[in-house]
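**Q** next input, structure requested:
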Amino acid sequence: QVQLVESGGGLVQAGASLRLSCATSGRTFSSHTLAWFRQAPGKERDFVAAINSAGYAYYADSVKGRFTISRDNAKNTVYLQSNSLKPEDTAVYYCAARQGFIATTRDYYAYWGQGTQVTVSS
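**A** So this is what the prediction gives:
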């Protein structure tokens, strides 16, 4: 059974940092692209960042320079280091996986976690 389990969310003040983790199990994802999306209340689920099997990373403009995605294939885990958090970063953060190139559209991703809440107060 394939599972992606996010952790590391929480309530922080603006300017703080959080490190989100997504542990994968049930199959080997070392050859997959791993990504983070987020969904704020009443809004669409938006792309945040992705990293392919070669370690190349791509970011949404809204988080570029503040967030860093990384992966540890030995631990089957993908991370999202989120710095200089802003109230507009408040959302449920989801990790996702797909076989193949980086995509920024959720429909391309076959595997999803349940999400972790990030709330940034002003």
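
**Q** now do the strands in the chain.
**A** Using DSSP state E, the strands assigned to the chain run over residues 3-7, 10-13, 18-25, 32-39, 45-51, 57-59, 67-72, 77-82, 91-99, 111-112, 116-121.

**Q** centre-most residue in the chain?
**A** Nearest to the mean C-alpha position of the chain, counting by C-alpha atoms, centre = their mean, stands residue 36 at 2.3 Å.

**Q** pretty sure it sits against residue 50.
**A** Yes. Using C-beta atoms under 8 Å, residue 36 is in contact with residue 50, at 7.4 Å. To be clear about C-beta, it is placed using only N, CA and C from the backbone, and glycine gets the same treatment.

**Q** so what sits against both of the two?
**A** residue 69 (C-beta atoms under 8 Å, 6 or more residues apart in numbering).

**Q** could you check how far residue 55 is from residue 70?
**A** Distance of residue 55 to residue 70, given as C-beta to C-beta, to the nearest Å: 8 Å.

**Q** look at those two and report which has more neighbours.
**A** Neighbours were counted for residue 55 and for residue 70 using other C-beta atoms under 10 Å; residue 70 has more, 15 against 10.
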